[in-house]
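Asks: starting from these lines, generate the structure:
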Amino acid sequence: MVPLRRRRGFVNLSPSYASSLSIFDGRFLVSDQASGTVGGASTDTLSPGLVLLMAIATGVAVANIYYAQPLLDTLARSFDVPTHTAGFIVTVTQLGYATGLMFLVPLGDLMERRRLVVTVSLCTSVALVAAALAPSVALFAAASLAIGVTAVVAQILVPFAAHLAPDHLRGRVVGRVMSGLLLGILLARTVSGVLSDAFGWRSVFWLAAVVMLVQAAVLARMLPRDPVRERLSYTALLASVLHLIRDEPVLRRRIVYGAIVFACFSALWTSLPFLLARPPYNFGDGIIGGFGLFGIAGALCASFAGHLHDRGHSRLATGLFLATLLVSFVIMGLWSDSVWVIVAGVVLLDIGVQGTQILNQSAIYALRPEARSRITTAYMTFYFAGGAAGSAGAAYAFGVAGWVGVAGLGVALPVLALLYWLTERRVLVAG
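Replies: The predicted model follows:
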């Protein structure tokens, strides 16, 4: 008979076994017997089922800030506002996300994460209902701000998964969870476009509100409890984010890469609906949203990028992914009247953005295990601030110079990132 050991709410198999299935508060984790700990130790390995659940949850959560993107032309007509005004809805949503990253995500180091995830998810559902009911562009923008603030539940789940993963598998676990997040970003546009064409744009936000409500209930049941690790005041917790930026050179460098690549990403997806809704394309919301499917290649490369990090190739891979971004905007700028070139550009851009993102997160999560939520705040705040700047810049560039202006912005950004990458020393790269 296999000997069992009971300790504080969960049961472990005997350490004589190389690995075991542990039951932690009714949720399943695979335990590393060398440590004999579950649910909070850095040597625990998530079960495949829990990794899948967290990947789906991050995708569903982050999708909420992208539903409006393929609908910008439709929203402009519905609210009778200029296209550049509708374009700034994306900027407002991303600024809300940056705000949530600064003030909500650090709570993951101070509060029990499962409770935090469920509470914030319920708030997202309320914000989505407000967007569905909005009678004016001002109220829709206010609801979008609230959606952005609360959608950061995705960035609470990613460091949660990294915290539960063993060191030698952390890059791959982060890559798998981020694959779900990236698929959520991409599929959000497709689902949004199809629903808008079939039932009107408000149906998108009604359905999203219901999905978030159901997800909150599932996560409340399935996520493991995560004991509080820090005993800081909220003010001290926020101040410590600045200390991390000051003390960690790898974090500072990865912040720069992240801000630039997400600026590229947001510049494309803010302006692309305007390009595709006009001659020679004249596409509707459904087809425009369908372009998100071509970015699945980026999501599929997420695990591969995590594997490159685990093998010690982070620096070289970062340069290659940044170069991929540059190529994508060059070809889309030169041949903007070819739908196949636009498709190729979308694929290359998503590969470059998502590959760089996985390498960035794998590197920063290796820094300080006790501060992963605050590291996420430091990194992702600048990441989405870069995205907000990219979307605002693209909306302005399209209004002034059309697609040529957007392509010029898209070329300049990765060139800056590559010049900065050339200054990197191998000693700075974690992993």
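Asks: any regions of the stretch 201-350 of the chain where pLDDT drops low?
Replies: Counting by pLDDT under 70, the stretch 201-350 of the chain contains low-confidence ranges at 227-230, 298-300, 302-303, 306-307.
Asks: and with 90 instead?
Replies: 222-241, 266, 269-317, 336-337, 350 (pLDDT under 90).
Asks: list the contacts of Ser336.
Replies: Ser336 sits next to 275, 342, 403-404, 407 when contact means Cβ atoms under 8 Å, 6 or more residues apart in numbering. In this view, the C-beta of every residue, glycine as well, is placed from N, C-alpha and C.
Asks: now restrict those residues to buried residues only.
Replies: Neighbour counting by 16 or more other Cβ atoms under 10 Å classes 275, 342, 403, 407 among these as buried.
Asks: circling back to that earlier point, which two from the contacts of Ser336 end up farthest apart in space?
Replies: Spatial extent of the contacts of Ser336 (Cβ to Cβ) is set by the pair Ile342 and Val404 at 14.2 Å.
Asks: that older thread, and the buried ones among the contacts of Ser336, which is closest to Cys301?
Replies: Cys301 lies nearest to Ile342 out of the buried ones among the contacts of Ser336, by Cβ to Cβ, at 19.8 Å.
Asks: and the gap between the closest one and Ala297?
Replies: If you measure Ile342 against Ala297 using Cβ to Cβ, to the nearest Å, the figure is 15 Å.
Asks: can you check Leu195 too?
Replies: Taking Cβ to Cβ, one finds Leu195 at 24 Å from Ala297.
Asks: what does stretch 231-242 rub up against?
Replies: Applying Cβ under 8 Å, 6+ apart, the set of residues contacting stretch 231-242 is 102-103, 106-107, 109-110, 230, 371, 374, 377-378.
Asks: next, the contact list for Val177, please.
Replies: Applying Cβ under 8 Å, 6+ apart, the residues near Val177 are 51, 54-55, 58, 157-158, 161.
Asks: and it, that's in a helix?
Replies: Yes: under DSSP: H, G, I helix; E, B strand; the rest coil, Val177 falls within a helix.
Asks: so which residues of the chain form strands?
Replies: 4-7, 10-13, 19-24, 27-32, 45-46 (DSSP state E).
Asks: now do the third one, average pLDDT.
Replies: The one in question is strand 19-24. Across strand 19-24, pLDDT averages out at 34.
Asks: one more: the second one?
Replies: Along strand 10-13, the predicted confidence averages to a pLDDT of 36.
Asks: kindly report the same for the first one.
Replies: Per-residue pLDDT values over strand 4-7 give a mean of 40.
Asks: out of Leu195 and Ala297, which sits in the busier spot?
Replies: Neighbour totals were compared for Leu195 and Ala297, and Leu195 leads with 23 against 16 (other Cβ atoms under 10 Å).
Asks: you'd agree that one is up against Leu207?
Replies: Yes: the pair Leu195 and Leu207 passes the contact test of Cβ atoms under 8 Å, sitting 6.6 Å apart.
Asks: still on that earlier bit, using TSV, please lay out the contacts of Ser336 together with distance to Val173.
Replies: Putting these into TSV (distance: Cβ to Cβ, whole Å) gives the following:
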residue	distance to Val173
Leu275	37
Ile342	34
Trp403	39
Val404	42
Ala407	36
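Asks: in helices only, show me those residues.
Replies: Counting by DSSP state H, those place 275, 342, 403-404, 407 in helices.
Asks: the stretch 151-300 of the chain: helices as residue ranges?
Replies: Here the stretch 151-300 of the chain has its helices, by DSSP state H, counting those that start in this stretch, at 153-164, 170-199, 201-222, 234-247, 249-276, 285-290, 296-300.
Asks: winner for burial among these?
Replies: helix 153-164 (a mean of 26; mean count of other Cβ atoms under 10 Å).
Asks: pLDDT of it, averaged?
Replies: Helix 153-164 carries an average pLDDT of 85.
Asks: what packs against that helix?
Replies: Contact here means 3 or more Cβ pairs under 8 Å, 6 or more residues apart in numbering; DSSP states H and E; on that basis helix 153-164 packs against strand 45-46, helix 48-63, helix 113-133, helix 170-199, helix 372-421.
Asks: between the ones in helices among the contacts of Ser336, which is nearest Arg252?
Replies: Looking across these and measuring by Cβ to Cβ, the closest to Arg252 is Ala407, at 29.4 Å.
Asks: how about that closest one, what does it touch?
Replies: Contacts of Ala407 (Cβ under 8 Å, 6+ apart): 329-330, 332-333, 336.
Asks: ok, for the residue nearest the centre of the chain, nearest residue in space, not its chain neighbours?
Replies: When Cα atoms, centre = their mean is applied to the chain, the residue found nearest the centroid is Leu181 (5.6 Å). Counting by Cβ to Cβ, 6 or more residues apart in numbering, Thr58 is the residue found nearest to Leu181 once chain neighbours are left out, at 4.1 Å.
Asks: ok, that neighbour - how many residues close by?
Replies: The burial count for Thr58: 27, using other Cβ under 10 Å.
Asks: any idea how far Pro159 is from it?
Replies: Counting by Cβ to Cβ, the separation of Thr58 from Pro159 is 11 Å.
Asks: cool, Gly390 as well?
Replies: From Gly390 to Pro159 the distance is 24 Å (Cβ to Cβ).
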